[in-house]
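> the sequence and its predicted three-dimensional model are supplied below.
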Amino acid sequence: MEDRIIKTEYSEVMQKNFIDYAMSVIVARALPDVRDGLKPVQRRTLYDMSELGLRYDRPYRKSARIVGDTMGKYHPHGDSSIYDCLVVMAQDFKKMLPLVDGHGNFGNIEGDGAAAMRYTEARLSKITQEFFLADLDKDVVDFQPNFDETEREPSVLPVKIPHFLVNGSEGIAVGMATSTPSHNLAEVIDAEIALMKNPDITTEQLMKYIKGPDFPTGGIVMNADDLEQIYETGSGKVRIRGKVTTETEKNGHIRLVITEIPYTMIGAGIGKFLEDIASLAENKLTGDIIDISNQSSKEGIRIVVELKKDTDVENFTNLLYKKTKLEDSFGVNMLAIDRGRPEVMGLKRVLEASVEFQFETSTRKYKTLLEKEQEKKEVQEGLIKACNVIDLVIEILRGSRDRAMAKNCLINGVTEGIRFKTRESAAMASQLLFTERQADAILEMRLYKLIGLELEALLKEHETTVANIYRYEDILTDRNSMSLVIQQELLTIKKEYGVPRRTVIDNLAEAVYVAKPVEEIEVGFVMDRFGYAKTIDAATLDKNREALESDFRFYFPCKNTGKIVLFTDTGQVYTFRTQELPQGKLRDKGIPVDNVSNFDSAKERIVLAASQSDLNLYRMVFVTKFANCKIVDGGEFDVSKRTVAATKLLDGDEVVDVTILHEQQTIILRTENGFFLRFLVSEIPEKKKGAVGVRGMKLGAGDAVRDVYYLTEGEEKSVEENGIGIPLSSLKIAGRDGKGSRVIKK
């Protein structure tokens with residue numbers, strides 16, 4: 001057969017294939033079905049556990065066995081995704097209703113992961129067994145082939161509650177994501193029953209039952225007024241706070257105790273929260289903290305912040321709300337698969353989908369039960385009829401050559417070949433006309449069934465069967481009857497598994513933190529040649545000028561409430577608050593400025609450190625390696641950002657010197673090849689910080705500016721070049737952009 005080349009538009013092929021891929025991820029992996037609230041991996045894992053017989057009242061089985069069986073039969077993806085799914089379904093701090101009963105280390109709320117699957121064990125929880133998987137044998141849902149068509153799996157589980165709301169869901173698909181908060185089981189059931197009683201109920205009326213989200217970690221929802229809009233549209237933001245209490249110790253110190261955290265903080269967020277509290281003290285945003293400890297255990301969360309006696313507790317708590325994840329937002333996007341399509345649904349639509357599903361599964365269930373009861377009734381009536389003519393039945397059986405002859409007689413009244421005692425018996429036998437099912441039951445009937453008590457039991461059983469048929473027919477023909485049955489089942493679930501609400505719903509004002517006014521004092525900034533900085537007492541700075549000159553690269557007076565500015569050779573300027581530096585003695589080491597700023601000592605070099613308040617008063621001169629010069633108003637660097645560009649550099653260029661202008665009159669540029677050029681500072685034009693500048697000196701091939709010096713009137717300063725001392729004041733004042741003069745070697 002010859003190959004055929006099919007020509008098509010590339011963009012059309014890409015579009016079609018991408019859409020197919022996206023829908024595959026959306027429907028088959030990332031999003032839950034609104035009917036059972038489960039993603040495919042969750043559904044397959046639970047079904048496989050059911051197939052393995054891992055009931056809640058049976059021994060646990062190794063998680064590795066569950067994962068392997070699920071992967072081999074139903075979910076042909078990585079084992080880690082299946083095990084992660086199994087772990088999450090067993091974690092009561094992530095799920096309001098754990099679907100799996102885990103045995104072993106299944107992780108904790110502080111972010112520690114579960115043990116490897118070869119160590120942990122699991123089985124189904126009781127509610128999963130009874131209300132998620134119980135009716136699969138009654139043809140309540142459709143089954144579909146698995147990935148290799150060797151097994152069959154349910155397309156959806158016959159879940160009897162609005163599980164999508166109860167446990168919530170989180171997942172990222174292609175171009176869309178679902179994020180649904182969990183809710184209280186009892187409230188959700190009450191709302192579903194209310195909807196069944198009144199299909200025209202509004203979202204506002206439903207919220208009389210469902211007050212709002214109910215997170216496993218408790219906490220406080222602080223924007224209750226926004227919930228109606230969120231539930232109406234299916235999207236929005238829920239603001240959540242942790243729960244804080246106070247305790248007073250005998251020494252008068254105050255303990256701030258956090259007993260509940262926002263749901264978004266579970267996992268690594270707790271460690272980050274503790275780090276954030278510590279950074280408040282390190283960055284001197286508060287001086288009230290004495291100690292921080294995490295005393296959480298299996299009994300619950302307990303994070304203790306010990307405070308000083310005179311602490312304004314309310315103000316400090318507001319600081320935690322503003323600066324840490326103790327107050328956070330949960331983005332709601334109630335996206336799920338509904339009728340095969342992804343859709344963002346409001347509260348009422350989710351409950352309607354659940355009610356529709358309950359009626360659908362109940363209809364299929366009771367149809368199956370009705371068929372079974374009708375078959376049972378048929379058999380029972382045949383047995384009762386046979387018992388009434390048992391002598392004739394026995395005569396037929398004894399007179400037949402084989403089973404087929406006897407069965408043909410019982411069903412069709414054919415008596416040929418059967419030996420009867422009398423003609424009357426043969427005539428009666430021809431009129432029996434049992435059904436095939438009845439005939440099979442009669443032929444398989446044991447003799448003990450002829451005992452009187454057994455006959456009575458058969459009659460009572462027949463009465464029960466008839467009553468069941470009447471009941472099932474009533475349920476199937478009367479929607480109200482079916483509704484009552486579903487409601488009764490929901491109330492049973494609520495009674496057995498309903499728990500009090502954990503999350504408080506309230507309207508709280510946004511936290512307002514008032515920073516304590518810091519007394520402004522004069523301090524000294526000092527930084528050594530290794531980039532370690534600190535502040536010292538102003539008096540110490542004045543008394544130790546000589547020591548500072550020899551041991552420190554930068555030192556100057558500043559205000560403790562001000563900012564420090566660092567200019568680097570890469571043309572960047574970094575700003576940080578003076579209070580972020582530790583205050584100590586002259587010989588204390590200090591901390592690297594990398595710790596309090598975005599400066600990276602491994603990639604750049606500090607050219608100038610200065611006080612922000614000084615820059616606002618003066619202008620600054622920039623000189624680069626390529627001899628580009630400019631003057632910039634220091635006020636341009638008074639910005640809120642911690643990192644901005646101080647100047648524009650050409651490729652390969654770097655800043656050699658940044659100097660604050662006071663009374664300097666002349667500038668001297670010194671190059672690597674020993675050229676010196678002295679010219680007036682006034683020749684340098686003033687430009688914006690984003691400008692390159694003008695050329696200050698003509699450089700020879702391969703030459704570059706090495707050092708920059710300044711002189712005031714009458715000032716004497718000397719430098720050494722090739723062993724020759726050069727008085728800078730002796731250099732002739734030339735014009736800007738000259739070649740300069742060179743010192744001859746000895």
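Arrived safely, thanks for sending. Numbering: from 1, shown residues only.

> alpha carbons only for contacts and neighbour counts from here, please
Fine.

> which residue, other than its chain neighbours, is closest to V719?
Counting by C-alpha to C-alpha, 6 or more residues apart in numbering, V719 lies nearest to I726, which is 5.3 Å off, once chain neighbours are set aside.

> just the strands in the stretch 251-400 of the chain please.
Secondary structure of the stretch 251-400 of the chain (DSSP state E, counting those that start in this stretch): strands at 254-260, 289-294, 303-307, 327-333, 335-338, 341-344.

> show me what the third one is packed up against.
Spelled out, it's strand 303-307. Where contact means 3 or more C-alpha pairs under 8 Å, 6 or more residues apart in numbering; DSSP states H and E, strand 303-307 is packed against strand 254-260, strand 289-294.

> quick one on the thing from earlier: winner for burial among the strands of the stretch 251-400 of the chain?
Ranked by mean neighbour count, these are led by strand 335-338 with a mean of 24 (mean count of other C-alpha atoms under 10 Å).

> so L508 sits right up against M222, yeah?
Yes. Using C-alpha atoms under 8 Å, L508 is in contact with M222, at 4.9 Å.

> helix or strand for the closest residue to K688 other than its chain neighbours, which one?
Distance criterion C-alpha to C-alpha, 6+ apart; nearest residue to K688, sequence neighbours excluded, is V632 at 5.9 Å. If you go by DSSP states H and E, V632 is part of strand 628-633.

> quick check: what element follows that strand along the chain?
strand 643-645.

> residue ranges with poor pLDDT in the stretch 451-600 of the chain?
451-453 (pLDDT under 70).

> where along it do the helices fall?
Taking DSSP state H, counting those that start in this stretch, the helices of the stretch 451-600 of the chain run over residues 452-477, 479-497, 538-543, 545-551.

> same question, the stretch 1-150 of the chain
Going by DSSP H, counting those that start in this stretch, the stretch 1-150 of the chain shows helices at 10-25, 40-51, 63-73, 79-90, 126-131.

> export those helices to a markdown table and append columns for distance to I486 and mean neighbour count.
As requested, the helices of the stretch 1-150 of the chain are exported to a markdown table (distance: least, C-alpha to C-alpha, whole Å; neighbours: other C-alpha atoms under 10 Å):
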| stretch | distance to I486 | mean neighbour count |
| --- | --- | --- |
| helix 10-25 | 34 | 12 |
| helix 40-51 | 23 | 21 |
| helix 63-73 | 31 | 19 |
| helix 79-90 | 26 | 20 |
| helix 126-131 | 12 | 18 |
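
> among the ones you listed, which is nearest E275?
Nearest of these to E275, taken as C-alpha to C-alpha: helix 79-90 at 25.9 Å.

> ok now that closest one, how far from the chain's centre?
15 Å (C-alpha atoms, centre = their mean, to the nearest Å).

> run the angle between that helix and helix 63-73 for me.
120 degrees (axes from the mean of the first three to the mean of the last three C-alpha atoms, to 10 degrees).

> what does helix 79-90 contact?
41-42, 45, 63, 67-68, 70-71, 94-95, 98-102, 106, 114, 117 (C-alpha atoms under 8 Å, 6 or more residues apart in numbering).

> could you do stretch 387-400 as well?
386, 406, 409, 417-421, 425, 428-429, 450.

> try 7 Å
Contact with stretch 387-400 is made by 386, 406, 418-420, 425, as judged by C-alpha atoms under 7 Å, 6 or more residues apart in numbering.

> do the same with stretch 456-468
With contacts defined as C-alpha under 7 Å, 6+ apart, stretch 456-468 is touched by 373, 377, 380.

> let's see which of these end up in helices.
373, 377, 380 (DSSP state H).

> show the buried residues in the residues you listed.
373, 377, 380 (16 or more other C-alpha atoms under 10 Å).

> turn those residues into CSV, columns for distance to E713 and pLDDT.
Below are these laid out as CSV (distance: C-alpha to C-alpha, whole Å; pLDDT from 0 to 100):
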residue, distance to E713, pLDDT
E373, 115, 92
K377, 121, 90
Q380, 125, 86
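
> tell me the one of those nearest I521?
The closest of these, once distances to I521 are taken by C-alpha to C-alpha, is E373, at 92.0 Å.

> wait, the closest one touches Y470, no?
No. Judged on C-alpha atoms under 7 Å, E373 makes no contact with Y470 at a distance of 10.0 Å.

> how much space between the residue nearest to V719 and L699?
Going from I726 to L699 by C-alpha to C-alpha, to the nearest Å gives 20 Å.

> with neighbour numbers in mind, choose between these two.
More crowded of I726 and L699, by other C-alpha atoms under 10 Å: L699, with 21 against 15.

> the closest residue to that one other than its chain neighbours: what's it in contact with?
Nearest residue to L699, sequence neighbours excluded (C-alpha to C-alpha, 6+ apart): K739, at 6.6 Å. Counting by C-alpha under 7 Å, 6+ apart, K739 makes contact with 677, 697-699.

> got JSON lines for the residues you listed, with distance to I337, pLDDT and secondary structure too?
Shown next, in JSON lines, are those (distance: C-alpha to C-alpha, whole Å; pLDDT from 0 to 100; DSSP: H, G, I helix; E, B strand; the rest coil):
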{"residue": "L677", "distance to I337": "76", "pLDDT": "94", "secondary structure": "strand"}
{"residue": "M697", "distance to I337": "71", "pLDDT": "94", "secondary structure": "strand"}
{"residue": "K698", "distance to I337": "71", "pLDDT": "94", "secondary structure": "coil"}
{"residue": "L699", "distance to I337": "70", "pLDDT": "93", "secondary structure": "coil"}
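
> how many other residues sit next to the residue lying closest to G413 once chain neighbours are set aside?
Leaving aside its sequence neighbours, G413 sits nearest to S430 (C-alpha to C-alpha, 6+ apart; 3.7 Å). By other C-alpha under 10 Å, 16 other residues sit near S430.

> so what's S430 up against?
409, 413-415.

> before we move on, back to that, burial of the residue nearest to K688, as a residue count?
Going by other C-alpha under 10 Å, the residues that sit close to V632 add up to 25.
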